[in-house]
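A.B. asks: how would this look folded up:
(one chain, ligands or ions: 1)
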Amino acid sequence: MRRKLAAGNWKMNGGNAELDGLRTLSQIHSGAAIDILICPPFTLIAAAAECAGSIAIGGQNCHSDASGAHTGDISAQMLADVGASAVILGHSERRADHSETSEDVRAKAHAAHAAGLITIICVGESLDQREAQNTLDIIGGQLSTSVPDTATGENTVIAYEPCWAIGTGLTPTTDQIGDVHDFIRTRLEKRLGTGAGRSIRLLYGGSVKAANAAEIFAVSNVDGALVGGASLKSDDFSPIISALEAAANVS
Ligand code: PEP
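C.D. replies: Predicted structure coming up:
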């Protein structure tokens, strides 16, 4: 049985004042039978890890080298050192803004696993690619190159995030989400074997909010969500977490 995961990506948002919301969230969901992860900006990781209780803290990126002459970059070991237990890799904003390739993502994933971090590897198609009916080809290619052969259910989570759904208020239909998640599951099982392939958690991400969370969490092979905008305020994220807890109770 895969344990559900509600993950929040704060992106380049938040300062010390926002840690109050994290404290509130950790009090409300202290006994949750699901995993909760918040990925704040790097500047807040150490303080967030101090006050997050049972909520795990993660980074939003790391370098593929353990250390060295890479001004402004952060290594996976540094994330672990300040209290992170996970890192988001290959988010579409990093693929677009920083020209990150799937090869880069795989190299970062190796570094993150070596540092003991769980990697949340993001894949997703653009609107043009979906309209050209290339979604599964794109996802298949990103998966095969971004995910290392050493991926297991313990060290890897995959987030399916259609680029056109991120921050737009648009979401795929539940059938479209189910088709992609089933495809990812089949691909992982074929490549990694049924042990690892079945135990890797698959998150959906893209305009998840309280109003659509329950129907998305009812889709097969959806083990949780990666949430951007609606993770910034505890009032918005808390009902999403509750919807995932309810889904965990029925599955
Ligand atoms: C994201 O950026 O990972 C994301 C899913 O954003 P949003 O929930 O705001 O669409």
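A.B. asks: without its sequence neighbours, what residue ends up closest to Ala76?
C.D. replies: Nearest residue to Ala76 in three dimensions, chain neighbours excluded: Ala115, at 3.7 Å (Cβ to Cβ, 6 or more residues apart in numbering). Quick note: C-beta positions are derived from backbone N, CA and C, even for glycine.
A.B. asks: now for that neighbour, how many residues are close by?
C.D. replies: 18 (other Cβ atoms under 10 Å).
A.B. asks: identify the residues contacting it.
C.D. replies: Residues in contact with Ala115 (Cβ atoms under 8 Å, 6 or more residues apart in numbering) are Cys62, Ala66, Ser75, Ala76, Gln77, Leu79, Ala80.
A.B. asks: look up how far Lys108 lies from it.
C.D. replies: Distance from Ala115 to Lys108, counting by Cβ to Cβ, to the nearest Å: 11 Å.
A.B. asks: taking the stretch 151-251 of the chain, what residue is nearest to the ligand?
C.D. replies: As assessed by Cβ to the nearest ligand atom, the ligand sits closest to Gly228 within the stretch 151-251 of the chain, at 2.2 Å.
A.B. asks: so that residue versus Ser92, what's the distance?
C.D. replies: The spacing between Gly228 and Ser92, counted by Cβ to Cβ, is 11 Å.
A.B. asks: can you tell me which residues contact the residue nearest to Ser67 when sequence neighbours are not counted?
C.D. replies: The shortest distance from Ser67 to any non-neighbouring residue, by Cβ to Cβ, 6+ apart, is to Ser75 (5.8 Å). Applying Cβ under 8 Å, 6+ apart to Ser75 gives the contacts Cys62, His63, Asp65, Ala66, Ser67, Ala111, Ala115.
A.B. asks: how much space separates the last one from Leu188?
C.D. replies: Here the criterion is Cβ to Cβ. By it, Ala115 lies 23 Å from Leu188.
A.B. asks: kindly report the same for the fourth one.
C.D. replies: Here the distance between Ala66 and Leu188 works out to 27 Å (Cβ to Cβ).
A.B. asks: longest helix in this protein, please.
C.D. replies: Using DSSP state H, we find that the single longest helix of the chain is helix 174-199.
A.B. asks: ok, back up a step: any idea how far Glu161 is from the residue nearest to Ser67?
C.D. replies: 24 Å.
A.B. asks: tell me if I'm right that His29 and Ile36 touch.
C.D. replies: Yes - with contact defined as Cβ atoms under 8 Å, His29 reaches Ile36; the gap is 6.0 Å.
A.B. asks: alongside the ligand, which residues does this structure contribute?
C.D. replies: With Cβ under 6 Å from any ligand atom as the criterion, the chain meets the ligand at residues 9, 161, 166-167, 205-208, 226-230.
A.B. asks: pLDDT, distance to Gly124 and secondary structure added to the residues you listed, as a markdown table?
C.D. replies: Output for these, formatted as a markdown table (pLDDT from 0 to 100; distance: Cβ to Cβ, whole Å; DSSP: H, G, I helix; E, B strand; the rest coil):
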| residue | pLDDT | distance to Gly124 | secondary structure |
| --- | --- | --- | --- |
| Asn9 | 98 | 13 | strand |
| Glu161 | 98 | 4 | coil |
| Ile166 | 97 | 8 | coil |
| Gly167 | 94 | 13 | coil |
| Gly205 | 98 | 8 | strand |
| Gly206 | 98 | 7 | coil |
| Ser207 | 97 | 12 | coil |
| Val208 | 98 | 13 | coil |
| Leu226 | 98 | 10 | strand |
| Val227 | 98 | 14 | strand |
| Gly228 | 98 | 13 | coil |
| Gly229 | 97 | 16 | helix |
| Ala230 | 98 | 18 | helix |
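A.B. asks: ok, of the residues you listed, which come out buried?
C.D. replies: Among those, the ones that count as buried by 16 or more other Cβ atoms under 10 Å are Asn9, Glu161, Ile166, Gly205, Gly206, Ser207, Val208, Leu226, Val227, Gly228, Gly229, Ala230.
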